[in-house]
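Trainee: give the three-dimensional model of this entry:
(chains A and B)
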There are 2 protein chains.
Amino acid sequence: MTVNRQIMIRELPKGPLQHEHFEIVEGTVPVPGPGQVLLKTLLLSQDAANRAWMQGATYRDAIGAGEVMSSGGIGEVIESNSELFQPGDKVWADIGWQEYAAVDARAISPVPDFDGPLSQAISLLGVAGKTAYHGLINVPGIHAGETLMVSAAAGSVGSIVGQIGKIKGATVIGVAGGQEKCDWVVNELGFDACLDYKDESSPLRKKVAAAAPQGIDVYFDNTGGEILQCALFAMKLKGRISCCGAVSMYNGKPQPGPMGIPGLLVTKRLRMEGFLVSDYAHLDTDAEHDLSRWAAQGDLKVIEDIIDGLESAPGGLIGLLAGENRGKRMIRVA
Amino acid sequence: MTVNRQIMIRELPKGPLQHEHFEIVEGTVPVPGPGQVLLKTLLLSQDAANRAWMQGATYRDAIGAGEVMSSGGIGEVIESNSELFQPGDKVWADIGWQEYAAVDARAISPVPDFDGPLSQAISLLGVAGKTAYHGLINVPGIHAGETLMVSAAAGSVGSIVGQIGKIKGATVIGVAGGQEKCDWVVNELGFDACLDYKDESSPLRKKVAAAAPQGIDVYFDNTGGEILQCALFAMKLKGRISCCGAVSMYNGKPQPGPMGIPGLLVTKRLRMEGFLVSDYAHLDTDAEHDLSRWAAQGDLKVIEDIIDGLESAPGGLIGLLAGENRGKRMIRVA
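Mentor: Numbering: from 1, shown residues only, chains lettered A, B, ... in the order given. From the prediction side, this is the model:
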């Protein structure tokens, strides 16, 4: 245990993220300082937000060239200079793309005990599951008989949002890229329909109108861009839009927003609201309770997309931004 | 009483509204049918929404060439074929730009009794006052110590929104066009500041940052466009935006929305919500009570901009869209 493989940001991307923006180096295993713990990385979460952090300061500080690429993940405590944690504890931390990290004990949180594989602490019970839960239940709400549309429907958050919608009695329409993925969303996840935004045989706007002839009550937006534009036109009066992320906009330069802002918001009396999962931390016990119960009952399938090896992290994130994942993508480091 | 002067839409505007889009004709006084009343027009309300109705269907049907220009207004019942109204009653109706109108009794509402000139049924206690009240109090809410920004600050709604903000203990920043108008907003209406969006000596974004260095809690948007864009960048975390109208966008073709939709909504966890005054009709008694009280106490100045003569209606609306009015513009017909 002397070498610490790390993936550094060689250069911040100006356009699409590519392998050349990263380099793998052999660093040394850090020595934890006072109040710190030394973590051995087990699993890294891969999230579209990782790319957003490279755009500049968002809800967290920007990250820059010459630094280890940031990433949340689960590590095992192997040395502790804090009374808060003991060797052997499994914890969630901003661990980065590296095999070992020294982290302030106050900045990490224990992985709660639960039945099931450790990866579910990142998928079902991690940021993905809680984002889906809070962003649907506590932002717009969803009611039986309503029509819910969700973009990035095969992704880590969208796949859970749609399943919660079905559990709550809504008609659920997904939007995803590619017919095969759309078929999987319907057949495997149980959505009522899934629209292929890459299919050019008809405009997405017409597909949405055909799938939701009465309009959309709730749109859960993971993408922004063209899909948000179509949703705005398709919203019912007093519809609600939950703004979770803007994956269509992370991988390039800033673009104008959709037409009809604010005009459509006024004429249809729409509400659009952005949120971060941490805004609803006081309701995390609800999320953990309901998500675990639904999964145990077989009403909610936990879809994980785990890739082995730290060196797979850049390709994994690049692929995620291109939409190749199904469910929650992670990197198994050890 | 045989001639009914009417202003017709000669041609729907494709760009800025102009006199040539209208023509004045001498029609006949209509005979009210069963269940109808004959109204003599007293006052016509002039609203940016009149222009929006010419764009196509919004929250009401579109209006077209060859029709009398639509407008809300106050008329006096001079003949009644309905038990609901008697000659002499003053009523609010979709009366149009004409001296006489036959209207279904079920589609009109009595002007409530109150102390003060009849025009206040259109300004303080009409759509303008209620829009300001509901769109501030019941959509985003406003709290003492918060910073409120409102566009079209010298207009019928904005002038009241800002004064309510002051009554509620907020710091109030207006946005208006022209230094003279801005000075009037500060000196006459008591706003803390008013920013001239037409002044090119520095970008509006910098003016907003200087006036609200801590950022904006609530933005009341009457304009959309560039001012909304500036507000989005200046919003505090968890800020609220009340979307009342988009006057910057009525007078031309559809344009892209502001940048940062949905990105800024997510990172700042903003809420944007559109409303119509009629959504809050169940709370109109609150609005009437509070607005009357504030006006009687001298805390709220009722600003009216009344032009005489039906023939002034086209010029009045064109000027309103160019921002020349101060407070609530109306046409006194009789």
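
Trainee: all contacts plus neighbour counts: C-alpha atoms, from now on.
Mentor: Fine.

Trainee: show the pLDDT at residue A:176.
Mentor: Looking at residue A:176, its pLDDT reads 97.

Trainee: and if you look at residue A:113?
Mentor: Listed pLDDT for residue A:113 reads 83.

Trainee: also residue A:51?
Mentor: pLDDT, residue A:51: 91.

Trainee: burial check on it, number of neighbours?
Mentor: By other C-alpha atoms under 10 Å in any protein chain shown, 22 other residues sit near residue A:51.

Trainee: repeat that for residue A:200.
Mentor: With other C-alpha under 10 Å as criterion, residue A:200 counts 8.

Trainee: dump the residue contacts of it.
Mentor: By C-alpha atoms under 8 Å, 6 or more residues apart in numbering or on different chains, residue A:200 lies in contact with nothing.

Trainee: over to it. Which of the three states is it?
Mentor: Three-state call for residue A:200 (DSSP: H, G, I helix; E, B strand; the rest coil): coil.

Trainee: would you list the phi and psi of it?
Mentor: phi -100, psi 10 (degrees, to the nearest 10).

Trainee: now swap in residue A:22 and tell me
Mentor: Dihedral pair for residue A:22: phi -120, psi 160, per degrees, to the nearest 10.

Trainee: quick check: bridge partners of it?
Mentor: residue A:9 (DSSP bridges).

Trainee: could you find the closest non-adjacent residue to residue A:41?
Mentor: Excluding its sequence neighbours, the residue lying closest to residue A:41 (C-alpha to C-alpha, 6 or more residues apart in numbering or on different chains) is residue A:75, at 4.3 Å.

Trainee: what about that neighbour, how many residues nearby?
Mentor: Counted by other C-alpha under 10 Å, the residues lying close to residue A:75 total 29.

Trainee: against which helices or strands is the helix ranked longest in chain A packed?
Mentor: Looking across chain A with DSSP state H, the single longest helix is helix A:284-296. Secondary-structure packing of helix A:284-296 (3 or more C-alpha pairs under 8 Å, 6 or more residues apart in numbering or on different chains; DSSP states H and E): helix A:127-133.

Trainee: direction included, what does the next helix or strand after the helix it packs on pair up with?
Mentor: Next in sequence after helix A:127-133, counting helices and strands by DSSP states H and E, comes strand A:147-151. Strand A:147-151 has its sheet partners listed here by DSSP bridges as strand A:171-176 (parallel), strand A:216-221 (parallel).

Trainee: right, so those: which one is the most enclosed?
Mentor: Among the strands paired with strand A:147-151, ranked by average contacts under mean count of other C-alpha atoms under 10 Å in any protein chain shown, first place goes to strand A:216-221 (a mean of 28).

Trainee: contacts for the helix or strand just after it, please.
Mentor: Next in sequence after strand A:216-221, counting helices and strands by DSSP H and E, comes helix A:225-234. Helix A:225-234 is contacted from outside by A:151, A:197, A:204-205, A:208-209, A:215-216, A:219, A:221, A:246, A:248-249, A:257-260, A:264, using C-alpha under 8 Å, 6+ apart.

Trainee: if we use 7 Å, what do you get?
Mentor: With C-alpha atoms under 7 Å, 6 or more residues apart in numbering or on different chains as the test, helix A:225-234 has contacts from A:204, A:205, A:209, A:215, A:216, A:219, A:221, A:248, A:258, A:259.

Trainee: helix, strand or coil: sort out the last one for me.
Mentor: Recorded secondary structure, residue A:259: coil (three-state DSSP).

Trainee: now the third one
Mentor: Reducing the assignment to helix, strand or coil with three-state DSSP, the entry for residue A:209 is helix.

Trainee: if we can go back for a sec, could the contacts of helix A:225-234 be laid out in TSV, adding pLDDT and distance to residue A:299?
Mentor: Compiled in TSV, the contacts of helix A:225-234 are given as follows (pLDDT from 0 to 100; distance: C-alpha to C-alpha, whole Å):
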residue	pLDDT	distance to residue A:299
A:204	97	29
A:205	96	31
A:209	96	28
A:215	98	26
A:216	98	24
A:219	98	22
A:221	97	23
A:248	65	30
A:258	91	35
A:259	89	38
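
Trainee: near residue A:204, how many other residues are there?
Mentor: 21.

Trainee: how much space between the nearest residue to it once chain neighbours are set aside and residue A:326?
Mentor: Closest residue in space to residue A:204, ignoring its immediate chain neighbours: residue A:197 at 5.9 Å, by C-alpha to C-alpha, 6+ apart. Noted for residue A:197: a distance of 16 Å to residue A:326, by C-alpha to C-alpha, to the nearest Å.

Trainee: rewinding a little: after the longest helix of chain A, which helix or strand is next?
Mentor: Immediately after helix A:284-296, counting by DSSP H and E, sits strand A:304-308.

Trainee: what angle separates the helix or strand just after that next one from strand A:304-308?
Mentor: Heading C-terminal from strand A:304-308, the first helix or strand you meet, by DSSP H and E, is helix A:313-321. Between helix A:313-321 and strand A:304-308, the angle comes out at 150 degrees (axes from the mean of the first three to the mean of the last three C-alpha atoms, to 10 degrees).

Trainee: what's helix A:313-321 in contact with?
Mentor: Residues from elsewhere that reach helix A:313-321 (C-alpha under 7 Å, 6+ apart): A:17, A:18, A:19, A:46, A:48, A:331.

Trainee: centre of the chain to it, how far?
Mentor: Here the centre of helix A:313-321 is set off from its chain's centre by 13 Å, with C-alpha atoms, centre = their mean, to the nearest Å.

Trainee: related to what we said a few turns ago, export the longest helix of chain A as PDB, just CAs?
Mentor: Backbone C-alpha positions of helix A:284-296 (Å, rounded to 0.1, in the frame of the first residue of the first chain) are rendered in PDB as follows:
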ATOM      1  CA  ASP A 284     -34.400  11.800   3.800                       C
ATOM      2  CA  THR A 285     -35.900   9.300   6.300                       C
ATOM      3  CA  ASP A 286     -39.200   9.400   4.300                       C
ATOM      4  CA  ALA A 287     -37.200   8.700   1.100                       C
ATOM      5  CA  GLU A 288     -35.200   5.900   2.600                       C
ATOM      6  CA  HIS A 289     -38.300   4.300   4.100                       C
ATOM      7  CA  ASP A 290     -40.500   4.500   1.000                       C
ATOM      8  CA  LEU A 291     -37.800   3.500  -1.500                       C
ATOM      9  CA  SER A 292     -36.700   0.500   0.600                       C
ATOM     10  CA  ARG A 293     -40.200  -0.700   1.000                       C
ATOM     11  CA  TRP A 294     -41.100  -0.300  -2.700                       C
ATOM     12  CA  ALA A 295     -37.900  -2.200  -3.700                       C
ATOM     13  CA  ALA A 296     -38.600  -4.900  -1.200                       C
END
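
Trainee: ok, residues contacting that helix?
Mentor: Outside helix A:284-296, the residues touching it (C-alpha under 7 Å, 6+ apart) are A:124, A:125, A:130, A:133, A:300, A:301.

Trainee: can you tell me how far residue A:3 sits from residue A:42?
Mentor: From residue A:3 to residue A:42 the distance is 16 Å (C-alpha to C-alpha).

Trainee: what about those two, which has more around it?
Mentor: Between residue A:3 and residue A:42, counting by other C-alpha under 10 Å, residue A:42 is the more crowded of the two (20 against 13).

Trainee: confirm that the more buried one sits in a helix.
Mentor: No. According to three-state DSSP, residue A:42 belongs to no helix; its state is strand.

Trainee: residue A:185 reaches residue A:151, doesn't it?
Mentor: No. Counting by C-alpha atoms under 7 Å, residue A:185 stays clear of residue A:151, with 11.4 Å between them.

Trainee: follow-up on the earlier one: need phi/psi at the residue nearest to residue A:204.
Mentor: Here residue A:197 shows phi and psi, under degrees, to the nearest 10, equal to phi -70, psi -10.

Trainee: could you check the pLDDT of it?
Mentor: At residue A:197, the pLDDT recorded in the model is 97.

Trainee: still on that earlier bit, quick check on the contacts of helix A:284-296: which are buried?
Mentor: Burial by neighbour count, judged by 16 or more other C-alpha atoms under 10 Å in any protein chain shown, picks out A:124, A:125, A:130, A:133, A:300, A:301 from these.

Trainee: that's all I had, so thanks and see you.
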